[in-house]
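S.K.: What follows is a predicted protein model with its sequence.
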Amino acid sequence: MIQVALLLTNKYRLLSVAAILDVFDTVNSYYENNGEEPFFKINLIRNGNSAYEGASFEKYDSLSLNESGQQDLVLIPAFDGKDLSSSIHNNLEFLPWMQQQYKKGAELASFCTGAFLLAASGLLNGKSATTHVNASDAFASNFPDVYFKPDKVVTVDQGIYTSGGATSSFHLMLTLIHNYCNRDLAVHIAKIFAIDMNREQQSYFGTFHPVKDHGDELVAKTQVCIENAYKEAVTIEDILQQIPSSRRNIVRRFKQATGNTLIEYLQKTRIEAAKKLLEQTNFSILEIMLHSGYNDLKTFRQLFKKNSGMTPKDYRDKFKPKAA
């Protein structure tokens, strides 16, 4: 049997752990129903500091890091909560253990924001990775040595797997089942869990959540100016005329505080406004373009697709509720 270590990290997301166990149990049941031994041996690995000590997983072996031994596959679930720095700090015991497992031949897979813990181990340096699309800016700024692909649903690089957010975890599990078992079983599992296998990018699930708690009053004023003026066909230079600072100073401080350049911030603000109009109104694409601060339809379509991964029409078809 393939030895699988599922880390019960401090502040793990219960839904993430439950989904992983459900899928791998289903794979094992498939083998048992065909008169074979279970394919995966699932071991729950604790660091002795789990926030969910009361969670019951009686059918699985629960091992400490010292008891775990060598594993074939290590699974890192998503974190529960937005304070990812704290989540990493509370799970530092896992880092040398993961490094040792990988060095001895184990493969590692992180789900959603579990990529932050994996990246903190240094094992993602120089490798491809993804995470929840709404955590992309934080991941990119904290781990610049990772070859980050925020639009990807799944990445595989030198025995290390990562997935995007939420339901992308199922696509990672299908990849693992395909690689460890076979494609036919991966298709079978996809049908059981109603997973669309051909999804390759997650950009359209993203929502722009600008950083506001940076403590820089000048940057905060600039953000307000952009958010109040984006509907007008203004340039960044027009907005900067309202800011009592040299261009060089505000450009540097804005990027440092928000993780975005001024033009990126303006574009993301406009595209986010366009998304809401596509979701909530019956305005034409031309009207939405004008309400979002653009005046050239071709440019608007190009920028929208670059930011969301699909055209404005396709986005509306996907996310605007259909009339009953």
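M.R.: Yep, it's here. Residues are numbered from 1 along each chain as shown.
S.K.: avg pLDDT for stretch 297-307?
M.R.: Here stretch 297-307 scores 93 as its mean pLDDT.
S.K.: neighbours around the residue lying closest to Asn307 once chain neighbours are set aside, how many?
M.R.: Once flanking residues are discounted, Asn307 sits nearest to Ile271: 4.6 Å by Cβ to Cβ, 6 or more residues apart in numbering. (Each C-beta comes from the backbone N, C-alpha and C, glycine too.) For Ile271, the count of nearby residues is 24 (other Cβ atoms under 10 Å).
S.K.: so what pLDDT did Ile271 get?
M.R.: With respect to pLDDT, Ile271 has a value of 96.
S.K.: likewise the one 4 residues further on?
M.R.: The predicted structure scores Lys275 at 94 on the pLDDT scale.
S.K.: Make residue 1 into 131 and carry on from there
M.R.: That works, and once the first residue is 131, the last one we named lands at Lys405.
S.K.: which parts of stretch 338-348 are buried?
M.R.: Residues of stretch 338-348 classed as buried: Phe338, Pro340, His344 (neighbour count, 16 or more other Cβ atoms under 10 Å).
S.K.: Contact partners for the residue positioned nearest the centre of the chain?
M.R.: The centroid of the chain falls nearest to His262 when counting by Cα atoms, centre = their mean (1.3 Å). Neighbour list for His262: Ala208, Cys242, Thr243, Gly294, Gly295, Ala296 [criterion: Cβ atoms under 8 Å, 6 or more residues apart in numbering].
S.K.: before we move on, the earlier item: and the residue nearest to Asn437, how far from Val354?
M.R.: Counting by Cβ to Cβ, to the nearest Å, the gap from Ile401 to Val354 is 19 Å.
S.K.: and if you look at Glu330?
M.R.: Distance of Glu330 to Val354, computed by Cβ to Cβ: 37 Å.
S.K.: what's the answer for His318, then?
M.R.: Counting by Cβ to Cβ, the gap from His318 to Val354 is 53 Å.
S.K.: and the closest residue to Phe273 other than its chain neighbours, what element?
M.R.: Nearest residue to Phe273, sequence neighbours excluded (Cβ to Cβ, 6+ apart): Ala249, at 4.3 Å. Taking DSSP states H and E as the definition, Ala249 sits inside helix 245-250.
S.K.: Show me what the next helix or strand after that helix packs onto, helices and strands only.
M.R.: Toward the C-terminal end, the helix or strand that comes next after helix 245-250 (DSSP H and E) is strand 258-259. Strand 258-259 is packed against helix 245-250, strand 277-278, strand 284-287, strand 290-293, with contacts defined by 3 or more Cβ pairs under 8 Å, 6 or more residues apart in numbering; DSSP states H and E.
S.K.: quick one: low-confidence parts of the chain?
M.R.: Within the chain, the segments meeting pLDDT under 70 span 178-186, 334, 363, 453-454.
S.K.: in it, which spans are helices?
M.R.: 144-163, 214-219, 224-233, 245-250, 266-272, 298-310, 313-322, 347-359, 366-370, 377-388, 392-410, 415-421, 427-438, 442-449 (DSSP state H).
S.K.: Give me whichever of those helices is most buried.
M.R.: Stretch with highest mean neighbour count among the helices of the chain: helix 245-250 (a mean of 26; mean count of other Cβ atoms under 10 Å).
S.K.: starting at the chain centroid, how far to that one?
M.R.: With Cα atoms, centre = their mean, to the nearest Å as the basis, helix 245-250 stands 12 Å off its chain's centre.
S.K.: For it, output the C-alpha coordinates as CSV.
M.R.: Extracted in CSV, the C-alpha atoms of helix 245-250 (Å, rounded to 0.1, in the frame of the first residue of the first chain):
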residue,chain,number,x,y,z
ALA,A,245,0.9,26.0,-0.1
PHE,A,246,2.0,28.7,2.3
LEU,A,247,3.3,26.0,4.7
LEU,A,248,4.9,24.1,1.9
ALA,A,249,6.6,27.2,0.6
ALA,A,250,7.8,28.1,4.1
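S.K.: residues in contact with that helix?
M.R.: 139, 206, 209, 214, 217-218, 221, 224-225, 228, 238, 240, 254, 259-261, 265, 269, 272-273, 276, 290, 292-293.
S.K.: Give me the distance between the residue of the chain positioned farthest from its centre and Asp314.
M.R.: Distance to the chain centre peaks in the chain at Gly165, reaching 38.0 Å (criterion: Cα atoms, centre = their mean). Computed as Cβ to Cβ, the Gly165 to Asp314 distance reads 17 Å.
S.K.: just Phe338 next, same as before
M.R.: As defined by Cβ to Cβ, Phe338 lies at a distance of 41 Å from Asp314.
S.K.: Could you check how far stretch 436-454 is from the centre of its chain?
M.R.: What separates the centre of stretch 436-454 from the centre of its chain is 20 Å, taken as Cα atoms, centre = their mean.
S.K.: Stretch 226-246 too?
M.R.: The answer for stretch 226-246 is 17 Å, by Cα atoms, centre = their mean.
S.K.: That concludes my questions; thank you for your assistance.
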